[in-house]
Structure formats: structure tokens, C-alpha cells
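Undergrad: how would this look folded up:
(one chain, ligands or ions: 1)
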Amino acid sequence: MLLNTYNRFDVYFVRGKNATLWDKDGNDYIDFTSGIGVVSVGHSNERLSKAICNQANSIIHISNLYKIAPQEELAELIIKNSQIKGGVFFCNSGAEANETALKIARKYGELNGKVKRYKVITLENSFHGRTISTLKATGQSKFHTYFGPFPDGFEYAKDIKDIYNKIDEKTIAVMIELIQGEGGVNPFDIGEVQRLAQDLKEKDILLIVDEVQTGIYRTGEFLASNLYDIKPDIITLAKGLGGGVPIGAVFTRLTDVLQPGDHGSTFGGNYLSTRAGIEVIKILDEYKENLKEMIEYFDNRLVEIAREFTDYFDGVSGYGMMKALRAKNSKIRDEIVKRAFENRVLVLKAGNESVRFLPPLTISKEEIDIGFDRLKGAL
Ligand code: PLP
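TA: Predicted structure coming up:
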């Protein structure tokens, strides 16, 4: 048996193509979730499958004791696309990427400044992962029950403005999502974030941006940091980077903080996952103009729903292919997600009231239309 960690829908999917899934009885579903922002280039993408198969036929894994060419190539692609200078460390998940970011910040704080600086400020409504440290970094208290004691050195701010109230001489970093995902799809104001980035730089406090959900074209730009036009000190990635193959990455301008022995990962950056990452980025680089058109198309259908069903929704939030309908309350939201499933369209919950949409970035107009028609039926 499996441990009882998930409330699962009663379905087994056996096949997928782009944003369409089929269950074992042959019923088709439109996937507006992409495995929670992971299957960025769609299900069974031919180019990605081929790249993965070819790689598996030569080497899957060899450990980080030896040089790994696709790891180096993927790092260069991330640097080139983001237009931010730095170095990359590969791991296996978002939480692990954030753990790494915290370690880089802590070591930087130990070595730079008059006093040891270790405090990391995060936001109350944030989500940064499920390991003990990233749970503590996650500001939503509902995740903390049962799992303490937690590591010291985290403090929560209510919003971007409140971060300034929490800064003291021990503060080494501020870690934020630019668009809170699990928290309900809440984008922060671009000007406010730019000012924060500037103010932190002046104080030599690191800005860590958790792009586990927003990275790799999810917002329409390669990184949400590009959309916000900021250059954070540390950026974390995962989800969409591997198109379904587990991978995480930490990308930082602080290229000399971690030294051999400070950090590592057995699986991190192996041939298979980094080959997948390269192919995903190449596919999306070629697709980015279509992506803009598709985002607009998706948006129009979403806004149409919000306007038609004002009894249920207060509006729409998010950027690019990371969107939400704000339901009036959590009861309505939960019922909508359930009925959408019954009408064979998959959507996600986020925060207290949001119905969240994270479709594959390559979703077609036809799939968008079928999905929204079914959602209307559900409503
Ligand atoms: N950070 C953010 C912003 C996330 O959305 C998530 C997962 O939802 C994580 C971190 C944790 O990622 P993972 O589940 O890969 O550990």
C-alpha cells in the first residue's frame, strides 16, 4: 500500500498527448494542470521523448565525480536565456533547490559582514517546499503543525512593504516568489519588487527569487525575473525545466561561495535530467512567439468565464500560463474543481479561493476551447 499523503481523484491516466489525457477506459480529459506546472512541452512530446530515449541509450547516470557535458550545456542555456551572469547547481526538486539557495545565503552571511548574518525573511503566504527548512521558509502556518522544532533564522513579512520592518543586522536574505503559486496565484507589483531589489542590493542583503513554479516560460518570459526586469542574487528552478523528468536548479551570481565539499547531490544534474532540460528549453525557445498568441487566447476564454459567472468569481489573476479564477469562497472553489473533473477538465486549487490553471505551454487552441467549454458545462 501507499502512504496516505494525497487526496487523489479516482482515475488512472494511461496516455497523454500535449494537453489531453486518456484514462484506462479511453475517456479523454483536458489537462489545465500539466502535473502542477511540470509538463511544460506537453505530454509525450516527440522531441523530448526522443532526446530522453537517445540519452538513456548511452548514459543515464555517472555521478558528479566526473564531468557531465549536458549539465554544462544546460547551465549555459539558462545563463544565456535569462541574460543574467552566474553559475548553476543542479539538484532534483524545488525544495532541494531552495535548500541550496539557503545554504549559499548562509555561507555568504557567515563570510561577509561585521557580524554573522543568517536570518532569511520570507512572506506569510509563501510556499517554498516540504523539507524541514523549506517548510519553515514557507510562511503559511498551516504547513507547520506537527513538524517542529524547525531550524532558526526565519522570519515572515505580511507583504513586500512589511519586509522592511523585519530587516535587522542579522538579515542575510529575502526569499520571495514573484507570483505566489500555491498561495493562490498572487503576482506582486513590478515597481514594488524592483524597488525592493534595489534597496536590498544597497544593504548587501541577498534577494532569492523562488522561480520553481514561475520559471521556464511559465509567465511568457523565460523567467518571471525577466518579466519583472530584476537580476536577483539567487534564482531557484524546478518543475517545468525537465518537462516531467525530475530536476531542480539554483542559479546565482555568487559563483565562488560554495566550494567542493560544501554541497552536492547524488542524482542532481545527471545525463538524463539535464538532456531533458536542454530539449525543453530548445523547444520553448522556438515556440515562444506562438506562446504569446496562445496566452492571449487562453486569457480571453478565462476572462469570458469570469464575466459570465459573476455569482462564483470575483475576477482573474496571474501572468502568462499561470492563472487563476478567484472564487467567492473555498466551498464554491472546491465544488468547481470537483465538477470540472467530472466534466473531464483538470484544474487545480491554490490558496483559499483560487481555481488555478497551469496548462502545458504548448496547449493548442482546440484544447483550450474544449477545456473551457467543459468548464462552462461544469459551472
Ligand atoms: N517553490 C515553489 C514556488 C513551489 O511552487 C513548489 C512546489 O509547488 C516548491 C517550491 C517545491 O517544489 P518541489 O515539490 O519540487 O520540491
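Undergrad: what's next to the host helix or strand of residue 331, contact-wise?
TA: Using DSSP states H and E, the element containing residue 331 is helix 330-342. Outside helix 330-342, the residues that touch it by C-beta atoms under 8 Å, 6 or more residues apart in numbering are 9, 11, 312, 327, 346-349, 352-355, 374-375, 378-379. (Glycine included, C-beta is placed from N, CA and C.)
Undergrad: Enumerate the positions of that helix that are buried.
TA: Across helix 330-342, burial judged by 16 or more other C-beta atoms under 10 Å covers 332-333, 336-337, 340-341.
Undergrad: before we move on, what about stretch 104-111?
TA: Per 16+ other C-beta under 10 Å, stretch 104-111 contains these buried residues: 104-109.
Undergrad: Which positions in the chain make contact with the ligand?
TA: Residues of the chain lying close to the ligand (C-beta under 6 Å from any ligand atom) are 93-95, 98, 127-129, 177, 181-182, 210, 212-213, 238.
Undergrad: can you pick the most crowded of those residues?
TA: Among the residues of the chain next to the ligand, residue 128 has the most neighbours (other C-beta atoms under 10 Å), with 33 neighbours.
Undergrad: what about residue 48, distance to residue 240?
TA: Residue 48 sits at a distance of 12 Å from residue 240 (criterion: C-beta to C-beta, to the nearest Å).
Undergrad: Give me the more crowded residue out of these two.
TA: Set residue 48 next to residue 240 and count neighbours by other C-beta under 10 Å: residue 240 wins out with 32 against 24.
Undergrad: Looking at the closest residue to residue 224 other than its chain neighbours now. What's its pLDDT?
TA: With sequence-adjacent residues excluded and distances taken as C-beta to C-beta, 6 or more residues apart in numbering, residue 224 is closest to residue 214, at 3.7 Å. We have a pLDDT of 98 for residue 214.
Undergrad: As TSV, the buried residues of stretch 104-111 with secondary structure and pLDDT would be great.
TA: Shown next, in TSV, are the buried residues of stretch 104-111 (DSSP: H, G, I helix; E, B strand; the rest coil; pLDDT from 0 to 100):
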residue	secondary structure	pLDDT
104	helix	98
105	helix	98
106	helix	98
107	helix	98
108	helix	98
109	helix	98
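Undergrad: Tell me who's in contact with residue 154.
TA: Residue 154 touches 119-122, 136-137, counting by C-beta under 8 Å, 6+ apart.
Undergrad: Between the buried residues of helix 330-342, which sits nearest the ligand?
TA: For these, the closest approach to the ligand (C-beta to the nearest ligand atom) belongs to residue 337, at 16.7 Å.
Undergrad: Next one, pLDDT for the closest one please.
TA: For residue 337, the model assigns a pLDDT of 98.
Undergrad: Retrieve the pLDDT associated with residue 326.
TA: Residue 326 is assigned 98 on the pLDDT scale.
Undergrad: Please report the number of neighbouring residues for the nearest residue to it once chain neighbours are set aside.
TA: Nearest non-adjacent residue to residue 326, counting by C-beta to C-beta, 6+ apart: residue 314, 4.4 Å away. Residues lying near residue 314 (other C-beta under 10 Å) number 13.
Undergrad: Can you find the residue of the stretch 51-200 of the chain that comes nearest to the ligand?
TA: Closest point on the stretch 51-200 of the chain to the ligand, by C-beta to the nearest ligand atom, is residue 94, at 2.3 Å.
Undergrad: isn't that residue right up against residue 236?
TA: Yes. Using C-beta atoms under 8 Å, residue 94 is in contact with residue 236, at 6.8 Å.
Undergrad: shared neighbours, these two?
TA: In contact with both residue 94 and residue 236: 210, 212, 248, using C-beta under 8 Å, 6+ apart.
Undergrad: Now the stretch 251-379 of the chain against the ligand: closest residue?
TA: Taking C-beta to the nearest ligand atom, the stretch 251-379 of the chain has residue 350 as its residue nearest the ligand, at 9.3 Å.
Undergrad: Please report phi then psi for the residue with the largest distance to the centre of the chain.
TA: In the chain, residue 114 marks the outermost C-alpha relative to the chain mean, sitting 34.9 Å out by C-alpha atoms, centre = their mean. Main-chain dihedrals, residue 114, degrees, to the nearest 10: phi -70, psi -40.
Undergrad: Same check on residue 147?
TA: Backbone geometry at residue 147, expressed as degrees, to the nearest 10, gives phi -100, psi 0.
Undergrad: Quick one: mean pLDDT over the host helix or strand of residue 307.
TA: Assigning secondary structure by DSSP H and E places residue 307 in helix 271-308. The average pLDDT within helix 271-308 is 98.
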